[in-house]
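1. sharing a sequence plus its predicted fold:
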Amino acid sequence: MNILKPIQLIITAVILLIFSSSLFSQKLAPKERILAPNHTITSNITGTDYQLYISFPRNYSTKDSISYPVLYVLDGEIAFPLFSRTKKLFHVALIIVGIGTSNRYLDGYNNFTTSSSTSDDEKKMKKRNIKSKGIFKSGGADKFLESIKTEIIPFVEKNYKTNADRGIYGHAFGGLFAAYCLVHSDGYFTRFGVSSPTFWWDNEKLLNQAVTQFTENKTWDLPQTKVYISVGGNEGPEMLPTMAKYCSNLENQGYDKINLTWQIFDEESHVSVWPANVSKTIYTLYGKNPN
(Lines give C-alpha, C1' and ligand atoms only; values in the text may rest on other atoms or scores of the structure.)
Protein backbone atom coordinates (compact mmCIF):
# COMPACT_ATOMS: atom_id res chain seq x y z
CA MET A 1 0.00 0.00 0.00
CA ASN A 2 2.76 2.39 0.84
CA ILE A 3 4.37 1.78 -2.57
CA LEU A 4 1.13 2.43 -4.45
CA LYS A 5 0.28 5.77 -2.80
CA PRO A 6 2.79 7.88 -4.76
CA ILE A 7 1.62 6.28 -8.02
CA GLN A 8 -2.00 6.96 -7.14
CA LEU A 9 -1.16 10.57 -6.36
CA ILE A 10 0.54 10.98 -9.70
CA ILE A 11 -2.39 9.46 -11.59
CA THR A 12 -4.83 11.66 -9.68
CA ALA A 13 -2.77 14.78 -10.43
CA VAL A 14 -2.63 13.93 -14.15
CA ILE A 15 -6.41 13.41 -14.26
CA LEU A 16 -6.97 16.74 -12.53
CA LEU A 17 -4.66 18.51 -14.95
CA ILE A 18 -6.46 17.02 -17.95
CA PHE A 19 -9.85 17.93 -16.49
CA SER A 20 -8.84 21.49 -15.63
CA SER A 21 -7.25 21.92 -19.05
CA SER A 22 -10.52 20.95 -20.72
CA LEU A 23 -12.36 23.45 -18.54
CA PHE A 24 -10.03 26.32 -19.43
CA SER A 25 -10.22 25.44 -23.11
CA GLN A 26 -13.93 26.27 -23.13
CA LYS A 27 -13.74 29.93 -24.11
CA LEU A 28 -16.49 32.40 -23.40
CA ALA A 29 -18.20 34.03 -26.35
CA PRO A 30 -17.91 37.83 -26.35
CA LYS A 31 -21.02 39.78 -25.53
CA GLU A 32 -22.04 42.28 -28.16
CA ARG A 33 -22.54 45.72 -26.66
CA ILE A 34 -24.88 47.87 -28.70
CA LEU A 35 -24.94 51.64 -28.38
CA ALA A 36 -28.61 52.51 -28.78
CA PRO A 37 -29.79 56.05 -29.52
CA ASN A 38 -32.21 57.77 -27.18
CA HIS A 39 -34.18 59.28 -30.07
CA THR A 40 -34.31 59.27 -33.86
CA ILE A 41 -35.41 62.41 -35.68
CA THR A 42 -36.27 62.43 -39.38
CA SER A 43 -35.32 65.78 -40.87
CA ASN A 44 -37.73 67.42 -43.28
CA ILE A 45 -34.85 69.64 -44.42
CA THR A 46 -32.15 67.10 -45.28
CA GLY A 47 -34.24 63.92 -45.50
CA THR A 48 -31.83 62.18 -43.11
CA ASP A 49 -32.63 60.20 -39.97
CA TYR A 50 -30.54 61.64 -37.13
CA GLN A 51 -29.88 59.43 -34.10
CA LEU A 52 -29.48 61.28 -30.81
CA TYR A 53 -27.33 59.83 -28.01
CA ILE A 54 -27.70 61.72 -24.74
CA SER A 55 -25.59 61.77 -21.56
CA PHE A 56 -26.77 63.68 -18.50
CA PRO A 57 -25.01 65.30 -15.53
CA ARG A 58 -24.66 63.15 -12.42
CA ASN A 59 -27.32 65.04 -10.43
CA TYR A 60 -29.74 65.62 -13.30
CA SER A 61 -33.31 65.47 -12.04
CA THR A 62 -36.71 66.42 -13.40
CA LYS A 63 -37.72 67.45 -9.87
CA ASP A 64 -35.65 70.64 -9.70
CA SER A 65 -35.35 73.78 -11.80
CA ILE A 66 -31.64 73.49 -12.66
CA SER A 67 -30.84 73.80 -16.36
CA TYR A 68 -27.61 72.75 -18.08
CA PRO A 69 -25.41 73.69 -21.02
CA VAL A 70 -25.37 71.27 -23.96
CA LEU A 71 -22.51 70.17 -26.20
CA TYR A 72 -23.67 68.77 -29.55
CA VAL A 73 -21.16 66.22 -30.82
CA LEU A 74 -21.05 65.24 -34.49
CA ASP A 75 -20.34 61.66 -35.59
CA GLY A 76 -22.19 60.76 -32.42
CA GLU A 77 -22.22 57.02 -33.00
CA ILE A 78 -18.41 57.06 -32.56
CA ALA A 79 -17.56 60.19 -30.58
CA PHE A 80 -20.38 60.06 -28.02
CA PRO A 81 -18.95 57.28 -25.80
CA LEU A 82 -15.60 59.12 -25.58
CA PHE A 83 -17.25 62.39 -24.59
CA SER A 84 -19.74 60.81 -22.21
CA ARG A 85 -17.09 58.94 -20.21
CA THR A 86 -14.63 61.84 -20.19
CA LYS A 87 -17.29 64.26 -19.03
CA LYS A 88 -18.10 61.93 -16.13
CA LEU A 89 -14.44 61.76 -15.12
CA PHE A 90 -14.29 65.55 -14.99
CA HIS A 91 -17.65 65.78 -13.15
CA VAL A 92 -18.74 68.54 -15.52
CA ALA A 93 -22.39 69.58 -15.19
CA LEU A 94 -23.00 69.24 -18.91
CA ILE A 95 -25.43 67.45 -21.23
CA ILE A 96 -23.80 65.70 -24.17
CA VAL A 97 -25.90 65.11 -27.29
CA GLY A 98 -24.27 62.94 -29.93
CA ILE A 99 -25.73 63.39 -33.41
CA GLY A 100 -25.25 60.30 -35.55
CA THR A 101 -26.70 58.56 -38.59
CA SER A 102 -26.93 55.00 -39.88
CA ASN A 103 -24.37 55.80 -42.59
CA ARG A 104 -21.69 57.99 -41.01
CA TYR A 105 -19.35 58.03 -44.01
CA LEU A 106 -21.96 59.08 -46.58
CA ASP A 107 -24.08 61.39 -44.43
CA GLY A 108 -21.03 63.04 -42.88
CA TYR A 109 -19.62 63.82 -46.31
CA ASN A 110 -22.91 65.22 -47.59
CA ASN A 111 -23.87 67.15 -44.43
CA PHE A 112 -20.53 68.49 -43.18
CA THR A 113 -18.97 69.77 -46.39
CA THR A 114 -19.36 73.52 -46.66
CA SER A 115 -19.47 73.91 -50.44
CA SER A 116 -20.27 71.75 -53.43
CA SER A 117 -17.37 70.08 -55.24
CA THR A 118 -18.50 67.94 -58.16
CA SER A 119 -14.99 66.66 -58.82
CA ASP A 120 -14.68 65.38 -55.24
CA ASP A 121 -18.13 63.80 -55.47
CA GLU A 122 -17.06 61.91 -58.58
CA LYS A 123 -13.83 60.78 -56.89
CA LYS A 124 -15.84 59.39 -53.98
CA MET A 125 -18.17 57.52 -56.33
CA LYS A 126 -15.23 56.08 -58.28
CA LYS A 127 -13.43 55.04 -55.10
CA ARG A 128 -16.52 53.24 -53.86
CA ASN A 129 -17.35 51.86 -57.32
CA ILE A 130 -20.78 53.50 -57.25
CA LYS A 131 -22.49 54.02 -60.59
CA SER A 132 -25.62 55.90 -59.48
CA LYS A 133 -25.17 59.65 -59.52
CA GLY A 134 -26.21 61.80 -56.57
CA ILE A 135 -25.21 59.36 -53.84
CA PHE A 136 -22.31 61.58 -52.81
CA LYS A 137 -23.50 65.17 -52.92
CA SER A 138 -21.29 67.63 -51.08
CA GLY A 139 -22.16 71.10 -49.88
CA GLY A 140 -24.98 70.32 -47.46
CA ALA A 141 -23.64 72.27 -44.47
CA ASP A 142 -26.19 75.07 -44.77
CA LYS A 143 -29.14 72.68 -44.71
CA PHE A 144 -27.61 70.59 -41.96
CA LEU A 145 -27.09 73.68 -39.80
CA GLU A 146 -30.69 74.67 -40.45
CA SER A 147 -31.82 71.21 -39.39
CA ILE A 148 -29.76 71.39 -36.20
CA LYS A 149 -31.16 74.82 -35.30
CA THR A 150 -34.80 74.25 -36.24
CA GLU A 151 -35.35 70.51 -35.70
CA ILE A 152 -32.76 68.81 -33.52
CA ILE A 153 -32.01 71.43 -30.87
CA PRO A 154 -35.66 72.52 -30.42
CA PHE A 155 -36.52 68.86 -29.79
CA VAL A 156 -33.77 68.53 -27.17
CA GLU A 157 -34.66 71.81 -25.49
CA LYS A 158 -38.35 70.94 -25.39
CA ASN A 159 -37.78 67.60 -23.69
CA TYR A 160 -34.75 68.21 -21.47
CA LYS A 161 -33.55 70.79 -18.97
CA THR A 162 -31.21 72.85 -21.10
CA ASN A 163 -30.19 76.49 -21.24
CA ALA A 164 -28.98 78.78 -24.03
CA ASP A 165 -25.32 77.80 -23.50
CA ARG A 166 -24.86 75.64 -26.61
CA GLY A 167 -21.64 74.14 -27.93
CA ILE A 168 -20.78 72.15 -31.03
CA TYR A 169 -17.91 69.74 -31.70
CA GLY A 170 -16.72 67.97 -34.85
CA HIS A 171 -13.71 66.07 -36.16
CA ALA A 172 -12.33 66.05 -39.74
CA PHE A 173 -15.24 67.09 -42.00
CA GLY A 174 -17.15 67.57 -38.75
CA GLY A 175 -14.38 69.95 -37.68
CA LEU A 176 -14.81 71.84 -40.94
CA PHE A 177 -18.53 72.10 -40.17
CA ALA A 178 -17.89 73.35 -36.63
CA ALA A 179 -15.56 76.03 -38.04
CA TYR A 180 -18.29 76.89 -40.56
CA CYS A 181 -20.71 77.37 -37.66
CA LEU A 182 -18.28 79.83 -36.08
CA VAL A 183 -17.80 81.78 -39.31
CA HIS A 184 -21.57 82.03 -39.67
CA SER A 185 -22.08 82.56 -35.96
CA ASP A 186 -24.96 84.68 -34.78
CA GLY A 187 -24.42 83.86 -31.13
CA TYR A 188 -26.51 80.70 -31.35
CA PHE A 189 -23.49 78.59 -30.32
CA THR A 190 -21.04 79.96 -27.76
CA ARG A 191 -18.55 77.07 -27.55
CA PHE A 192 -16.80 75.46 -30.49
CA GLY A 193 -14.66 72.30 -30.51
CA VAL A 194 -12.90 72.09 -33.87
CA SER A 195 -10.84 68.91 -34.26
CA SER A 196 -8.60 68.28 -37.31
CA PRO A 197 -10.69 70.51 -39.59
CA THR A 198 -10.39 69.74 -43.31
CA PHE A 199 -9.78 73.35 -44.32
CA TRP A 200 -8.25 72.10 -47.58
CA TRP A 201 -11.77 71.28 -48.80
CA ASP A 202 -12.75 72.73 -52.20
CA ASN A 203 -9.47 74.62 -52.69
CA GLU A 204 -9.67 76.08 -49.17
CA LYS A 205 -12.88 77.90 -49.97
CA LEU A 206 -14.22 78.18 -46.41
CA LEU A 207 -10.75 79.00 -45.09
CA ASN A 208 -10.39 81.90 -47.51
CA GLN A 209 -13.87 83.16 -46.66
CA ALA A 210 -12.99 83.06 -42.98
CA VAL A 211 -9.70 84.91 -43.43
CA THR A 212 -11.48 87.62 -45.45
CA GLN A 213 -14.18 87.93 -42.79
CA PHE A 214 -11.65 88.16 -39.95
CA THR A 215 -9.53 90.70 -41.83
CA GLU A 216 -12.31 93.00 -42.92
CA ASN A 217 -14.28 93.01 -39.67
CA LYS A 218 -12.40 94.65 -36.82
CA THR A 219 -15.31 94.08 -34.44
CA TRP A 220 -17.59 91.09 -34.04
CA ASP A 221 -20.81 91.43 -32.07
CA LEU A 222 -20.95 88.08 -30.26
CA PRO A 223 -21.67 86.91 -26.73
CA GLN A 224 -18.71 85.56 -24.79
CA THR A 225 -17.46 82.66 -26.92
CA LYS A 226 -14.86 79.91 -26.38
CA VAL A 227 -13.10 78.20 -29.28
CA TYR A 228 -10.75 75.22 -29.08
CA ILE A 229 -9.04 74.08 -32.30
CA SER A 230 -6.58 71.20 -32.51
CA VAL A 231 -4.78 69.01 -35.02
CA GLY A 232 -2.32 66.10 -34.91
CA GLY A 233 1.33 66.80 -35.60
CA ASN A 234 1.53 63.90 -38.07
CA GLU A 235 -1.60 64.70 -40.03
CA GLY A 236 0.18 65.87 -43.14
CA PRO A 237 0.84 69.00 -45.20
CA GLU A 238 -2.83 69.74 -45.92
CA MET A 239 -3.87 69.94 -42.28
CA LEU A 240 -1.35 71.87 -40.18
CA PRO A 241 -0.76 74.97 -42.34
CA THR A 242 -4.47 75.49 -43.04
CA MET A 243 -5.37 75.17 -39.36
CA ALA A 244 -2.58 77.59 -38.41
CA LYS A 245 -3.77 80.06 -41.05
CA TYR A 246 -7.34 80.00 -39.73
CA CYS A 247 -6.26 80.33 -36.10
CA SER A 248 -3.60 83.01 -36.58
CA ASN A 249 -5.93 85.23 -38.58
CA LEU A 250 -8.67 84.85 -35.99
CA GLU A 251 -6.22 85.41 -33.14
CA ASN A 252 -4.65 88.50 -34.72
CA GLN A 253 -7.95 90.36 -34.70
CA GLY A 254 -8.10 90.22 -30.91
CA TYR A 255 -11.88 90.04 -30.73
CA ASP A 256 -12.94 90.92 -27.18
CA LYS A 257 -15.61 88.24 -26.91
CA ILE A 258 -13.69 85.31 -28.45
CA ASN A 259 -11.43 83.22 -26.23
CA LEU A 260 -9.36 81.14 -28.69
CA THR A 261 -7.10 78.21 -27.77
CA TRP A 262 -5.36 76.15 -30.42
CA GLN A 263 -3.03 73.21 -30.14
CA ILE A 264 -0.92 70.77 -32.16
CA PHE A 265 -0.69 67.26 -30.66
CA ASP A 266 2.83 66.04 -31.42
CA GLU A 267 3.18 62.62 -33.05
CA GLU A 268 -0.58 62.12 -33.32
CA SER A 269 -2.19 61.10 -36.61
CA HIS A 270 -5.58 62.05 -38.03
CA VAL A 271 -7.10 59.05 -36.24
CA SER A 272 -5.12 58.92 -32.98
CA VAL A 273 -5.60 62.65 -32.29
CA TRP A 274 -9.37 62.19 -32.04
CA PRO A 275 -9.47 60.49 -28.63
CA ALA A 276 -6.43 62.50 -27.57
CA ASN A 277 -8.21 65.83 -27.89
CA VAL A 278 -11.54 64.92 -26.28
CA SER A 279 -10.43 65.62 -22.72
CA LYS A 280 -8.74 68.88 -23.76
CA THR A 281 -11.89 69.94 -25.58
CA ILE A 282 -14.08 69.44 -22.51
CA TYR A 283 -11.50 70.97 -20.16
CA THR A 284 -10.86 74.02 -22.38
CA LEU A 285 -14.47 74.74 -23.20
CA TYR A 286 -16.09 73.88 -19.84
CA GLY A 287 -13.36 73.58 -17.22
CA LYS A 288 -13.09 70.86 -14.60
CA ASN A 289 -15.14 70.51 -11.46
CA PRO A 290 -12.66 69.79 -8.63
CA ASN A 291 -15.39 68.06 -6.67
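-> Received it, and whenever you're ready, just let me know what you need.
2. is Cys247 part of a helix or strand, or is it coil?
-> helix (DSSP: H, G, I helix; E, B strand; the rest coil).
3. just the pLDDT for it.
-> Per-residue pLDDT puts Cys247 at 96.
4. quick one: the closest residue to it other than its chain neighbours from Ala178, how far?
-> Of all residues not flanking Cys247 in the chain, Trp262 sits nearest, at 4.3 Å (Cβ to Cβ, 6 or more residues apart in numbering). From N, CA and C alone the C-beta is placed, and that goes for glycine too. Distance of Trp262 to Ala178, computed by Cβ to Cβ, to the nearest Å: 13 Å.
5. so those two - more neighbours on which side?
-> Taking other Cβ atoms under 10 Å, Trp262 and Ala178 do not tie; Ala178 has more neighbours (27 against 18).
6. ok, and the closest non-adjacent residue to that one?
-> Gly170 (4.1 Å).
7. you'd agree Tyr50 is in a helix?
-> No: Tyr50 is assigned strand when assessed by three-state DSSP, not a helix.
8. wait, doesn't it sit right on Ile99?
-> Yes: between Tyr50 and Ile99 there is a contact at 5.6 Å, judged by Cβ atoms under 8 Å.
9. what do those two both touch?
-> Ile152 (Cβ atoms under 8 Å, 6 or more residues apart in numbering).
10. the two - which one has more neighbours?
-> Ile99 (28 against 24).
11. in contact with that one: list those residues for me.
-> Tyr50, Gln51, Leu52, Tyr72, Val73, Leu74, Gly76, Ile148, Ile152 are the contacts of Ile99 under Cβ under 8 Å, 6+ apart.
12. may I have the phi/psi pair for it?
-> Dihedral pair for Ile99: phi -110, psi 110, per degrees, to the nearest 10.
13. beta partners for it?
-> Beta bridges link Ile99 to Leu52, Leu74, judged by DSSP bridges.
14. so for stretch 157-165, mean pLDDT?
-> Rounded mean pLDDT across stretch 157-165 is 96.
15. can you give the distance of it from its chain's centre?
-> 20 Å (Cα atoms, centre = their mean, to the nearest Å).
16. got a list of what the closest residue to Asn38 other than its chain neighbours touches?
-> Take Asn38 and drop its neighbours on the chain: the residue closest to it by Cβ to Cβ, 6+ apart is Ile54, 4.6 Å away. For Ile54, the contacting residues are Asn38, His39, Ile95, Ile96, Val97, Gly98, Val156, Tyr160, by Cβ under 8 Å, 6+ apart.
17. run the last query once more with 10 Å
-> 37-39, 70, 76, 80, 84, 95-98, 156, 159-160 (Cβ atoms under 10 Å, 6 or more residues apart in numbering).
18. that older thread, lowest pLDDT pick from the contacts of Ile99?
-> Gly76 (92).
19. distance of Asn110 relative to Lys137?
-> Computed as Cβ to Cβ, the Asn110 to Lys137 distance reads 5 Å.
20. do Ala36 as well
-> 29 Å.
21. more neighbours, the two?
-> Between Ala36 and Lys137, Lys137 has the larger neighbour count (other Cβ under 10 Å), namely 16 against 6.
22. isn't that one right up against Asp121?
-> Yes: using Cβ atoms under 10 Å, Lys137 makes contact with Asp121 at a distance of 6.3 Å.
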